[in-house]
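S.K.: give me a model of this one.
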Amino acid sequence: MAWCLQLFVEHREAHDSATQSSSSFTNIKELARRFSLTFGMDHVKCRESIAMMHKQGIEFAFKEPASEDNLPPPNLPFLMLISEFSSKLLRADKRLVYGYLQRFASEQMMLCRGAGWHPLTVYSNSLLDNHDEESSSCGSYFSRDRIISSTPHYLKRKPMYEPVPGRGLVSKNGMDDRDSLSPPKNKKQNAPCLLPSESTVSLG
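M.R.: Below you'll find the predicted structure:
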């Protein structure tokens, strides 16, 4: 990926801007696509490397500010290159990376249209799950308030206990809370196992 970064910088210097329609930029994008294939199908094994690649790519894309208001940052087309690696992210990491993107891209930027802002639109959409892309073309679906308010009722945890006068909390099956909370007899206690795919990576 460092090679892609070096080629991108050379491409920008040669064209005075990161022209996305030039053949050299297309070749760099193809190089990034081929490099993404080397990570294989084991997304858990390489999840930290991929997440860090997205983190550093986002930082580089927004490192240099725009020369004028309403213009995209000059390195924004670099998001087109790291979008080739979005398919290697786990679903939970996609949301994490998208949240990191929002630290740099304001809501106004997300709503901007035009060729200059196309890389931001492409990249933000690449971080969304397929069934969520219909809900947001600019990637604002995963805001924290939206996630909380839009949680389906069947995914919300139902209360396990209900108050009963004189008895305190009683579970739904009629057992007293002390009985329901005591360990079952003659049953082996098994500690929950946290799979590697259930852990999260930190982008700092």
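
S.K.: contact partners of the helix or strand hosting L79?
M.R.: According to DSSP states H and E, L79 maps onto helix 78-82. Helix 78-82 has contacts (CB atoms under 8 Å, 6 or more residues apart in numbering) with 4-5, 8, 18, 20, 28-29, 32, 53-54, 57-58, 60-61, 119-120, 122-123. From N, CA and C alone the C-beta is placed, and that goes for glycine too.

S.K.: mind checking which of these are buried?
M.R.: Neighbour-count burial within the contacts of helix 78-82 applies to 4-5, 8, 18, 20, 28-29, 32, 53-54, 57-58, 60-61, 119-120, 123; the criterion is 16 or more other CB atoms under 10 Å.

S.K.: other residues contacting the stretch of helix or strand S49 belongs to?
M.R.: According to DSSP H and E, S49 maps onto helix 47-61. Contacts with helix 47-61, where a contact means CB under 8 Å, 6+ apart, come from 1, 5, 39, 43, 73, 75-76, 78-79, 81-82, 85-86, 88-90, 93, 96-97, 100-101, 104, 119, 201, 203-204.

S.K.: can you pull out the helices in the protein?
M.R.: Per DSSP state H, the chain carries helices over the ranges 2-15, 23-37, 47-61, 78-82, 91-104, 107-111, 118-126, 144-149, 177-181.

S.K.: and S67, which of these is closest to it?
M.R.: Of all the helices of the chain, helix 2-15 sits nearest to S67, with 13.3 Å by CB to CB.

S.K.: other SSEs contacting that closest one?
M.R.: When contacts are defined as 3 or more CB pairs under 8 Å, 6 or more residues apart in numbering; DSSP states H and E, helix 2-15 packs onto helix 23-37, helix 78-82.

S.K.: the ones you listed: lowest mean pLDDT?
M.R.: Looking at those, the lowest mean pLDDT belongs to helix 23-37 (a mean of 88).

S.K.: on that earlier part again, let's have the helices of the chain in a markdown table, adding distance to S67.
M.R.: Below are the helices of the chain laid out as a markdown table (distance: least, CB to CB, whole Å):
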| stretch | distance to S67 |
| --- | --- |
| helix 2-15 | 13 |
| helix 23-37 | 20 |
| helix 47-61 | 15 |
| helix 78-82 | 17 |
| helix 91-104 | 17 |
| helix 107-111 | 15 |
| helix 118-126 | 17 |
| helix 144-149 | 33 |
| helix 177-181 | 64 |
